[in-house]
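Asker: Sharing a model prediction with you, sequence too.
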Amino acid sequence: MSNLKAVAEHSKVSIATVSRVINNDPKVSKDTMLKVQASIAALEYKPNRVAQRLRSTSKKTKLLGLVIPDIQNPFFVDVVRGVEDYAYQNNFAVMIGNFGQDEKKEKLYLDILQSENIDGLIVAPIHGKDKGIENLVKKNIPVVCIDRGLTDIDVDVVKVDNEQGAFNAIDHLLSIGHKKIAFISGNFRIPTYIERLAGYKRALSEYGVPFDENLIFARDTDYKSGFEIANKILELKERPTAIFSGNNLLTLGALEAIHAKGIKIPEEISIIGFDDMPWSISLNPPLSAVRQPGFDMGRKAAEMLYERILNPGSKKEKVILKTELMLRKSTARLE
């Protein structure tokens, strides 16, 4: 690999000048800048980012951190794409950590990202009182919370209207005659699921249907939990006529359990999931779901973080995006 000395010799300038070009020093003339950049391209020189950070006087690394709970979840894949899209357009690189709702793992990623001297962080807090994220905000590290916020500290947040999204799903089921609706939820330590439960309850209240806590099943947010909870639901003596599933992995697990028992959707049970999936329309039957704008959420979070880096003292912003209920063929009127 070429090094700074080789680039300097090729372009007939000093090593210091090459370094200034790499770090976009405005004092370098345009002609010199173009000459050095041509040598960098010709020699296929790749600057060492660690060395650049050590040499830099600006303290800016052009590096963002992104810490999410589950990279297997297609929703968070869309979020990552949105963050990376905006970051790339603004010459930032993104370091990603996937903590799987594990507090020790989350702390590890936060420590690593701080040691890399990131310019800012986008994170889905493990719960509403996430002390690790709170400490970063108190250290004046630019932070944007995504998908869920913090309860005890003011911070930039971008998420969807979870309560309204869940309300719309339950409202639809109630409007077609369902009253016994099971809710397969993630852990209620996560603010997202507290909000979705609130939407579930509000819809029942508006239809005058009593809330039955025995129809609420909260566990992990993964495929296995969806499968095991759905099996439990399907074995109840008085089986619910509909299922509302809290995220797409839970939905996939529930669908496997339903199909494994030979229960027909929607003739014998209706189901709506929170999170639409690219393949929802290809399922048999096509799945009704609450669609979240994951890509837009990620891109907006990156934009907000960029603004926070540029204007650290500005007022914190909370952005709530809308969901969309995608009605397909996994729900049917209860006769």
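Answerer: Looks like it arrived, so ask away.
Asker: separation between residue 288 and residue 63?
Answerer: Note on residue 288: its distance to residue 63, by CB to CB, to the nearest Å, is 41 Å. All C-beta spots, glycine's among them, are computed from the backbone N, C-alpha and C.
Asker: The two: who's more crowded?
Answerer: residue 288 (22 against 18; other CB atoms under 10 Å).
Asker: From residue 185, how far off is the more buried one?
Answerer: Distance from residue 288 to residue 185, by CB to CB: 18 Å.
Asker: need the helices for the stretch 51-200 of the chain, in chain order.
Answerer: Here the stretch 51-200 of the chain has its helices, by DSSP state H, counting those that start in this stretch, at 74-89, 103-115, 131-138, 162-175, 191-206.
Asker: Touching the helix or strand that the last one is followed by from outside, list them.
Answerer: The one in question is helix 191-206. Downstream of helix 191-206, the next assigned helix or strand under DSSP states H and E is strand 216-219. For strand 216-219, the external contacting residues (CB atoms under 8 Å, 6 or more residues apart in numbering) are 182-188, 193, 197, 225, 228-229, 232-233.
Asker: Tell me the buried residues in strand 216-219?
Answerer: Buried residues in strand 216-219, counted by 16 or more other CB atoms under 10 Å: 217-219.
Asker: Now render those as TSV, adding pLDDT and distance to residue 172.
Answerer: Formatted as TSV, the buried residues of strand 216-219 follow (pLDDT from 0 to 100; distance: CB to CB, whole Å):
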residue	pLDDT	distance to residue 172
217	97	20
218	95	22
219	92	25
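Asker: so can I have a markdown table of those showing distance to residue 16?
Answerer: Compiled in a markdown table, the buried residues of strand 216-219 are given as follows (distance: CB to CB, whole Å):
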| residue | distance to residue 16 |
| --- | --- |
| 217 | 65 |
| 218 | 60 |
| 219 | 59 |
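Asker: what's the neighbour count on the residue nearest to residue 151 when sequence neighbours are not counted?
Answerer: Closest residue to residue 151 apart from its sequence neighbours, by CB to CB, 6 or more residues apart in numbering: residue 128 at 4.0 Å. For residue 128, the tally of surrounding residues (other CB under 10 Å) stands at 16.
Asker: same deal with the one 5 residues further on?
Answerer: Residue crowding around residue 133 was assessed by other CB under 10 Å; the count is 25.
Asker: Tell me who's in contact with it.
Answerer: Listed by CB under 8 Å, 6+ apart, the contact set of residue 133 reads 110, 123, 125, 143, 145, 150, 155.
Asker: got it, and residue 100?
Answerer: 69-70.
Asker: Against residue 139, how distant is it?
Answerer: Distance from residue 100 to residue 139, by CB to CB: 25 Å.
Asker: cool, residue 328 as well?
Answerer: In terms of CB to CB, residue 328 sits 47 Å off from residue 139.
Asker: Isn't residue 333 up against residue 172?
Answerer: No - with contact defined as CB atoms under 8 Å, residue 333 does not reach residue 172; the gap is 10.7 Å.
Asker: Compare these two (neighbour count), which wins?
Answerer: The neighbour comparison of residue 333 against residue 172 (other CB under 10 Å) goes to residue 172, with 20 against 10.
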